[in-house]
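Undergrad: only the shape, not the letters, is given here:
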């Protein structure tokens, strides 16, 4: 968590170098840097390519050695990794009969290094992924423009550092989490990309996980002095370890509400209509909310209890299974006093046996140890509602279930509405909803997508307006 080390597979290194154009005679005497080089995953391939092209062009070994010392750079914080990187580079150059290269690999903290600013033809890498609360240099990180918003991540700062390193026509290629497409912390960075027309290529790896960490990634290519008005959008074929072009997309399609969304043009047109939809007066009432958050389901939710007082049916939205819930609240959703609850001897014994774990929870500020950890979903128990599971692969995975009055919902979302159940089914159990969720791009393992209460509410309101308008 603190070092953010995630080693890059060789095929990803090759993909990025190909995308930025670091191949063929174009690479000779061009400056390139990996500013978080680790043991040299990128730099070893860079040296391999450079030597191969130089030898093919009959450059003398003395010239090749000088070029390797002059045009290839790396920065690495970890001294052991830095030394390993140098050894790995030396092993590559020796294959071409070039030895004793004075490698330009600096052991240091990239956050504090500006020696390479405005000098690089290419910047490449797999910058460290570290959330700000796991970092030691928070004050320094917050000095970067891209780190002004939200709970930033170190890789976002490395984008700013990389851009500073580029010369007037330089190109940057990184593999990073794709979360910056829509995250609050990526807002300023996205705006900068758009305002300066830097973004040229995006490869969304979607559910393909190339690292052992559960991280959903993308390859981003930025170019100074970019004259194109579109972005090449690619998806990834993990079997063949390569990217393939989907569309050339203009920013008016992929930049929606100051976020990035990538898909085929026809899907982006539909998505933009939904995301830019301004709710108007409607005769229908719609609310979408999160279910119970007890913060100790093993206590409050079970198959059976030894008592029947204050026990209600509860639906696990994610699976569609019914359980029983100990619900220590009145019909207005107000927490009962413990003195009232303990009048039932079995309930009192149950509380006393679990008091330690209940008090360990990180409950809401005004919460009580004997109640749920959060108040969400409690006041709506007396109402009829419709549960929906917020984790799907396709429309066939959607579980839309009616939940009656005096019944609860947990592990998912529920809808409060005056709409007929059949109308909800027609809207949500549809290919349109499935497309919408997939293009939002909130990936989860196993090929699943997730979505929020806000996502569902907006789609329902937009769809109902279309229905009402015929």
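TA: Okay, I see it. Fair warning: this is a prediction, and the values are worked out from it, not measured in the lab.
Undergrad: secondary structure class for residue 117?
TA: State at residue 117, reduced to three classes by DSSP: H, G, I helix; E, B strand; the rest coil: coil.
Undergrad: quick check: closest non-adjacent residue to it.
TA: Leaving aside its chain neighbours, residue 117 sits nearest to residue 164 (4.9 Å; criterion: C-beta to C-beta, 6 or more residues apart in numbering). The way it works is simple: take the backbone N, C-alpha and C, and place the C-beta from them, glycine included.
Undergrad: swap in residue 111?
TA: That would be residue 140: by C-beta to C-beta, 6+ apart, it lies 5.4 Å from residue 111.
Undergrad: any idea of the mean pLDDT for the helix or strand containing that neighbour?
TA: Assigned by DSSP states H and E, residue 140 falls within helix 138-141. Throughout helix 138-141, pLDDT has a mean value of 81.
Undergrad: could you list the low-confidence segments of the stretch 201-350 of the chain?
TA: 213-214, 280-282 (pLDDT under 70).
Undergrad: so where do the strands sit in it?
TA: Along the stretch 201-350 of the chain, counting by DSSP state E, counting those that start in this stretch, strands occupy 217-223, 230-237, 242-250, 255-256, 259-260, 286-290, 301-302, 311-316, 321-326.
Undergrad: now do the strand or helix carrying residue 386: everything it contacts.
TA: Secondary structure from DSSP H and E places residue 386 in strand 385-388. When contacts are defined by C-beta atoms under 8 Å, 6 or more residues apart in numbering, strand 385-388 is touched by residues 291, 315, 317, 398-403, 409, 412-417, 421, 424, 428, 456.
Undergrad: show me where the stretch 351-470 of the chain has its helices.
TA: Secondary structure of the stretch 351-470 of the chain (DSSP state H, counting those that start in this stretch): helices located at 421-428, 431-440, 453-468.
Undergrad: what is the orientation angle of the first one with helix 453-468?
TA: For helix 421-428 against helix 453-468, the angle by axes from the mean of the first three to the mean of the last three C-alpha atoms, to 10 degrees is 110 degrees.
Undergrad: quick one: buried ones out of the contacts of strand 385-388?
TA: For those, a neighbour count by 16 or more other C-beta atoms under 10 Å gives the buried set as 291, 315, 317, 398-401, 403, 409, 412-415, 417, 424, 428, 456.
Undergrad: hang on, residue 157 packs against residue 111?
TA: Yes. At 7.1 Å, residue 157 and residue 111 qualify as touching, with contact defined as C-beta atoms under 8 Å.
Undergrad: contact partners for the residue nearest to the spatial centre of the chain?
TA: When C-alpha atoms, centre = their mean is applied to the chain, the residue found nearest the centroid is residue 179 (2.7 Å). Applying C-beta under 8 Å, 6+ apart, we find residue 179 in contact with 153, 186, 216.
Undergrad: any idea how far it is from residue 129?
TA: 9 Å (C-beta to C-beta, to the nearest Å).
Undergrad: shared neighbours of those two, anything?
TA: residue 153.
Undergrad: helices along the stretch 101-250 of the chain, start to end?
TA: Under DSSP H, counting those that start in this stretch, the stretch 101-250 of the chain gives helices at 138-141, 154-165, 187-195.
Undergrad: residue 28 is nearest to which of the ones you listed?
TA: helix 154-165 (19.8 Å; C-beta to C-beta).
Undergrad: quick one, the closest one and helix 187-195 angle?
TA: Using the same axes, to 10 degrees: helix 154-165 against helix 187-195 is 40 degrees.
Undergrad: centre of the chain to helix 154-165, how far?
TA: 18 Å (C-alpha atoms, centre = their mean, to the nearest Å).
Undergrad: ok, residues contacting it?
TA: 4, 33, 35-36, 110-111, 114, 116-120, 123, 125, 127-132, 135, 141, 144-147, 172, 174, 176-177, 180, 185-186, 189, 192, 198, 220, 222.
Undergrad: which among those residues count as buried?
TA: Buried members of those, scored by 16+ other C-beta under 10 Å, are 4, 33, 35-36, 110-111, 116, 120, 123, 125, 127-130, 132, 135, 141, 144, 146-147, 172, 174, 176-177, 180, 185-186, 189, 192, 198, 220, 222.
Undergrad: in strands only, show me the residues you listed.
TA: With DSSP state E as the criterion, strands contain 33, 120, 123, 125, 172, 174, 176, 177, 220, 222 from among those.
Undergrad: tell me the pLDDT at the first one?
TA: Yep, that's residue 33 we're talking about. The model's pLDDT for residue 33 equals 98.
Undergrad: that one and residue 73 touch, don't they?
TA: Yes. Proximity of residue 33 to residue 73 meets the contact threshold set by C-beta under 8 Å, at 4.0 Å.
Undergrad: between these two, what contacts are shared?
TA: 116, 120.
Undergrad: burial of the nearest residue to residue 293 once chain neighbours are set aside, as a residue count?
TA: In space, and not counting its chain neighbours, residue 293 is closest to residue 374: 3.8 Å by C-beta to C-beta, 6+ apart. Here the number of neighbours of residue 374 (other C-beta atoms under 10 Å) works out to 17.
Undergrad: follow-up on the earlier one: could you dump the helices of the stretch 351-470 of the chain to TSV with distance to residue 203 and mean pLDDT?
TA: Listed next are these as TSV, based on distance: least, C-beta to C-beta, whole Å; pLDDT from 0 to 100:
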stretch	distance to residue 203	mean pLDDT
helix 421-428	31	96
helix 431-440	16	97
helix 453-468	25	90
